[in-house]
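# need a 3D model of the sequence below.
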Amino acid sequence: MLTEEQRRQVVDSLLDSHRTKVQGTRPSEMFPQIEIEDSYAISSMVAKQKEAQGVRIVGHKVGLTSKAMQAASKIDEPDYGYMFDDLVLQDGAKVPFESFCVPRVEPELTFILKEPLQGPGIGLVDVLRATEWVVPSIEIIDARVGEPRRIFDTVADNGAAAGTVLGGRPVRPDEIDLRWVGAIFHRNSEIEETGLAAGVLGHPAMAIAWLANKLGPMGTVLEPGHMVLSGSFTRPVWAAKGDTLHADFGPLGSVAVQFT
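This is a model prediction of the structure:
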């Protein structure tokens with residue numbers, strides 16, 4: 001475990017990378033003895049700094065929800081981070097490429113809650129009952145630390161969260177079998193990835209259940225009105241300056257973002 005001073009050093013490095021858009025030193029390189037509890041504590045410390053600057057937490061993101069990504073990260077469960085109000089974007093948003101270090105994008109489903117969720121013991125039906133809308137989305141991820149990243153680095157860096165673009169046709173959770181929601185993901189005119197939401201823990205609502213059960217024993221409640229990103233069901237796609245990324249969710253419409 002790290003000392004509080006060591007954790008603060010990592011926080012300062014991450015905040016500097018947020019400000020300069022230049023990748024900093026990996027926490028696991030700075031302190032090889034880092035543990036996953038340190039990483040989550042660092043992520044929370046960064047979130048508190050942002051709140052002190054007037055940014056609001058509006059939900060959470062769940063990542064590493066596919067077996068392939070967990071195997072690549074050498075972990076056996078997802079991870080989570082915070083969603084901030086200044087990172088919520090609308091369909092067709094144009095974002096400056098210079099606002100990121102190395103942006104990538106992923107198609108996901110965002111759950112908007114109408115009732116609180118707190119574990120332990122939260123299951124699939126509990127999540128569906130507590131959800132008001134499921135919204136097609138694109139998540140922008142951006143690593144503020146260099147390669148080769150380990151799970152400790154990604155978690156400390158708030159799961160690389162850098163933006164969420166909401167769009168398409170929001171649906172009630174009982175309108176459609178969410179496992180079969182698919183996406184065709186384009187970069188400009190080329191199809192880069194395709195996938196089904198069942199790739200997220202078998203059902204995307206299970207990502208929200210996992211989060212509620214993970215945070216509940218810590219006293220954290222998933223609040224009504226909060227958003228929860230359920231995790232990508234494709235590999236991330238790189239974005240370059242001038243690129244338009246477009247996720248076609250079929251009957252649920254589409255979402256696009258352009259890097260200017």
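# name the element the most centrally placed residue in the chain belongs to?
For the chain, Lys61 is the residue whose C-alpha lies nearest the centre (CA atoms, centre = their mean; 3.8 Å). Using DSSP states H and E, Lys61 sits in strand 57-63.
# what helices and strands are in contact with that strand?
With contacts taken as 3 or more CB pairs under 8 Å, 6 or more residues apart in numbering; DSSP states H and E, strand 57-63 sits against strand 79-84, helix 205-215, strand 227-229. Using the backbone N, CA and C atoms, a C-beta is placed for each residue, glycine as well.
# in that strand, what's buried?
Across strand 57-63, burial judged by 16 or more other CB atoms under 10 Å covers 58-63.
# direction included, what does it pair up with?
Here strand 57-63 is paired, per DSSP bridges, with strand 79-84 (antiparallel), strand 227-229 (parallel).
# what pLDDT, on average, does that strand get?
Regarding strand 57-63, the rounded mean pLDDT is 96.
# gap between that strand and the chain center?
6 Å (CA atoms, centre = their mean, to the nearest Å).
# same check on stretch 131-147?
Centroid separation for stretch 131-147 versus its chain: 4 Å, with CA atoms, centre = their mean.
# ok so, going back, reformat the buried residues of strand 57-63 as CSV; add distance to Pro173.
As requested, those are exported to CSV (distance: CB to CB, whole Å):
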residue, distance to Pro173
Val58, 19
Gly59, 16
His60, 17
Lys61, 18
Val62, 16
Gly63, 21
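# check contacts around the residue nearest to Arg56 when sequence neighbours are not counted.
Nearest non-adjacent residue to Arg56, counting by CB to CB, 6 or more residues apart in numbering: Asp85, 4.3 Å away. Asp85 sits next to 55-58 when contact means CB atoms under 8 Å, 6 or more residues apart in numbering.
# for Gly146, same thing?
Each residue near Gly146 by CB under 8 Å, 6+ apart is listed here: 23-26.
# out of those residues, which is most surrounded?
Counting neighbours by other CB atoms under 10 Å, Arg26 leads these with 24 neighbours.
# hang on, the earlier thing: and the strands paired with strand 57-63, which is most packed in?
Sort these by mean neighbour count, taking mean count of other CB atoms under 10 Å, and strand 227-229 sits at the top with a mean of 25.
# after it comes which helix or strand?
Per DSSP H and E, the first helix or strand lying C-terminal to strand 227-229 is strand 237-238.
# related to what we said a few turns ago, which stretch among the helices and strands packed on strand 57-63 comes nearest Arg19?
Of all the helices and strands packed on strand 57-63, the one in closest proximity to Arg19, counting by CB to CB, is strand 79-84 (15.0 Å).
# who's in contact with the closest one?
With CB under 8 Å, 6+ apart as the test, strand 79-84 has contacts from 43, 47, 50, 55-64, 151, 154-155, 158-161, 164, 211, 214-215, 226-229.
# what about 6 Å?
47, 55, 57-64, 155, 158-159, 161, 211, 227 (CB atoms under 6 Å, 6 or more residues apart in numbering).
# that one to helix 205-215, inter-axis angle?
With axes from the mean of the first three to the mean of the last three CA atoms, to 10 degrees defining the directions, strand 79-84 sits at 90 degrees from helix 205-215.
# pull out the buried positions in the helix or strand following strand 79-84.
Counting by DSSP H and E, the next helix or strand C-terminal to strand 79-84 is strand 88-90. Of all the residues in strand 88-90, those buried under the rule 16+ other CB under 10 Å are 88-89.
# and strand 88-90, which strands flank it?
Assessed with DSSP bridges, strand 88-90 is paired to strand 161-166 (parallel).
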